[in-house]
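> Need coordinates for the below:
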Amino acid sequence: VAAFYIVVLQAVLAFTVPAVRAAGLSALVASTAYLAINVTAMVARLIWGKVADRQDGNRRARTLVEVGLVAAAGALVFTFALHAGPVAVIAAAVVFGFGALGWNGIVYVSAGELAAPELAGRSVAVAATVVFLISALCTPLLGAVASAAGWDAFWVSIGLLALAGALIAVRLPTPVS
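Residues are numbered from 1 along each chain as shown. Below is the predicted model:
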């Protein structure tokens, strides 16, 4: 799940500004969209964390599904918003950011909870290492995809990656309370 979601996160962080600029919008609109994504990320992590903690933490896997679905929908909305003007782009960036950047803490907590207690620290460390490694490796590849396919195909494919992560999250185990 994290492998798919980190690609979506990297796409949003690294390519929102160039996509908005390529759509003919100003640097101010592009930077405002980027700001909106990052502010939304702060709020999203708190809200998704609260949702994931419900039912004594047994809602974490379901929350990861919901995060992915919001990110997938956000990617599609963002794709269309790039053709609809500045207000639409900034609003879509908020929706996209709410899903694309709201999952990290849930993944790390889940990694620790699903491991044996004596392995919880290592489990979180491995999860974080995998996330950061994939993050570093995927960004140049994403740039190549955006360059070759164009922004509309790029964002639709990012939405499909978010959807794939959500479909995998459906199968995640729930920790025993």
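
> what about the helix or strand of the chain with the lowest mean pLDDT, distance to the chain center?
One helix or strand of the chain scores below all others by mean pLDDT, DSSP states H and E: helix 104-114, with a mean of 89. With CA atoms, centre = their mean, to the nearest Å as the basis, helix 104-114 stands 15 Å off its chain's centre.

> Same question for the helix or strand following that helix: list its buried residues.
Later in the chain than helix 104-114, the nearest helix or strand by DSSP states H and E is helix 120-149. In terms of neighbour count (16 or more other CB atoms under 10 Å), helix 120-149 has its buried residues at S123, V124, A127, V131, I134, S135, C138, T139, L142, V145, A146. (Each C-beta comes from the backbone N, C-alpha and C, glycine too.)

> same check, this time on stretch 35-44
Neighbour counts over stretch 35-44 (16+ other CB under 10 Å) mark A36, I37, T40, A41, A44 as buried.

> what's the helix or strand for the fourth one?
Going back to what we said before, that points to A41. In the assignment (DSSP H and E), A41 maps to helix 27-53.

> Could you figure out how far that helix is turned away from helix 104-114?
Calculated by axes from the mean of the first three to the mean of the last three CA atoms, to 10 degrees, helix 27-53 forms an angle of 30 degrees with helix 104-114.

> Counting by contacts, list what the next helix or strand after helix 27-53 packs against.
For helix 27-53, the following helix or strand on the C-terminal side (DSSP H and E) is helix 60-81. Contacts defined by 3 or more CB pairs under 8 Å, 6 or more residues apart in numbering; DSSP states H and E place helix 60-81 against helix 2-22, helix 27-53, helix 86-100, helix 104-114, helix 151-169.

> Could you give the average pLDDT over helix 60-81?
Averaged across helix 60-81, the pLDDT comes to 96.
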